[in-house]
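**Student:** Sequence plus predicted model, see below.
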Amino acid sequence: MTTRSTPPQRMRARAEAVEATRARLLRAAGEAFSKQAYDDVKLGAIAGEAGVTQQTLFNHFGSKEALYSACVEAAHERIKGVRLAAVPGCARSVVSALIEQYERGGDANARAAALEERIPAVAAMLVLARSYHRDWLAEMFADTLPAGGAARREALAALHAATDVFTWKLLRRDLGLSRRATTDVMTRLVTGLLVTPDDREEDEA
């Protein structure tokens, strides 16, 4: 006797299949965008890697820009997971977490910045990413930043510059430093920007 699936079961199975297809497309696209320039990535190749047709890809994402945006959003969730390893207030721990992130996707992040003027969705996401990074730095160094006002804003801006992906790229790629040396240099930059408890008390006085 054949057991027929009920309509809710069929609907659930279909939804799971659709989600699985989307996940495969995102994995294939993420791999492609991480290794190639945006213009060199071919949607047909991504669809083939995911085992679907290019039309199925368009059914899920609509355009190359939308697919890229979805990949960036997925990467942002992974970034937050990597940064959980950072110990608040410890410059080397914070820098080490960032280096781990940049070693995994820093080259792709740097390439994304080149698309900012061409792709509005990318520009909007970069604004959010920079805001997230600044807020994260403020959280990580809450007790070692100037108490407030212009001094705090300037310190955060300096910390942002010291920990930006392009600082990593300069040291790691352009100057050819090792991962450890890059970590050492960025830690020195960050440490030099933090205030001691005595300095903070003087600022608040």
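**Tutor:** Alright, I've got the coordinates. Here the structure is a predicted model, which is why all the values come from computation and not from measurement. Numbers count the residues shown, from 1 in each chain.
**Student:** got the contact list for stretch 125-138?
**Tutor:** Stretch 125-138 is contacted from outside by 69, 72-73, 76, 83, 94, 112-113, 116, 145, 156, 159-160, 163-164, using C-beta atoms under 8 Å, 6 or more residues apart in numbering. Any C-beta I mention is one placed from the backbone N, CA and C, and that applies to glycine too.
**Student:** now those residues: which count as buried?
**Tutor:** Ser69, Val72, Arg83, Val94, Ala112, Ala113, Leu145, Leu156, Leu159, Thr163, Asp164 (16 or more other C-beta atoms under 10 Å).
**Student:** any idea which element the first one lies in?
**Tutor:** I take that to be Ser69. Taking DSSP states H and E as the criterion, Ser69 maps to helix 64-83.
**Student:** Roughly how far does Glu117 sit from Leu126?
**Tutor:** Shown here: Glu117 relative to Leu126, a distance of 11 Å by C-beta to C-beta, to the nearest Å.
**Student:** Of the two, which one has the most company?
**Tutor:** Under the criterion of other C-beta atoms under 10 Å, the comparison of Glu117 against Leu126 puts Leu126 first, with 17 against 9.
**Student:** need the contact list for the most centrally placed residue in the chain.
**Tutor:** Centroid check for the chain by C-alpha atoms, centre = their mean gives His76 as the closest residue, at 4.2 Å. With contacts defined as C-beta under 8 Å, 6+ apart, the neighbours of His76 are Met125, Ala129, Tyr132.
**Student:** Mind checking which of these are in strands?
**Tutor:** Here DSSP state E is the test, and the contacts of His76 give no hits in strands at all.
**Student:** Looking at the buried ones among the contacts of stretch 125-138, which two lie furthest apart in space?
**Tutor:** For the buried ones among the contacts of stretch 125-138, the farthest-apart pair by C-beta to C-beta is Ser69 and Leu145; their separation is 32.5 Å.
**Student:** Now the helix holding Ser69: average pLDDT?
**Tutor:** When the per-residue pLDDT values of helix 64-83 are averaged, the result is 88.
**Student:** what do you get for stretch 96-109?
**Tutor:** Rounded mean pLDDT across stretch 96-109 is 93.
**Student:** Which residues outside that stretch are in contact with it?
**Tutor:** Outside of stretch 96-109, the residues that reach it under the criterion C-beta under 8 Å, 6+ apart are 33-35, 75, 78-79, 82-86, 163, 165, 168-169, 172-173, 179, 182-183, 186.
**Student:** For it, C-alpha coordinates in PDB please.
**Tutor:** What follows is stretch 96-109, C-alpha atoms only, in PDB (Å, rounded to 0.1, in the frame of the first residue of the first chain):
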ATOM      1  CA  SER A  96      43.800  38.700  16.100                       C
ATOM      2  CA  ALA A  97      40.100  38.300  15.500                       C
ATOM      3  CA  LEU A  98      40.200  40.800  12.700                       C
ATOM      4  CA  ILE A  99      43.200  39.200  11.100                       C
ATOM      5  CA  GLU A 100      41.400  35.900  11.100                       C
ATOM      6  CA  GLN A 101      38.500  37.600   9.300                       C
ATOM      7  CA  TYR A 102      40.700  39.400   6.800                       C
ATOM      8  CA  GLU A 103      42.800  36.300   6.100                       C
ATOM      9  CA  ARG A 104      39.500  34.500   5.100                       C
ATOM     10  CA  GLY A 105      37.900  37.300   3.100                       C
ATOM     11  CA  GLY A 106      40.000  40.500   3.100                       C
ATOM     12  CA  ASP A 107      40.900  40.300  -0.500                       C
ATOM     13  CA  ALA A 108      37.200  40.000  -1.500                       C
ATOM     14  CA  ASN A 109      36.300  42.900   0.900                       C
END
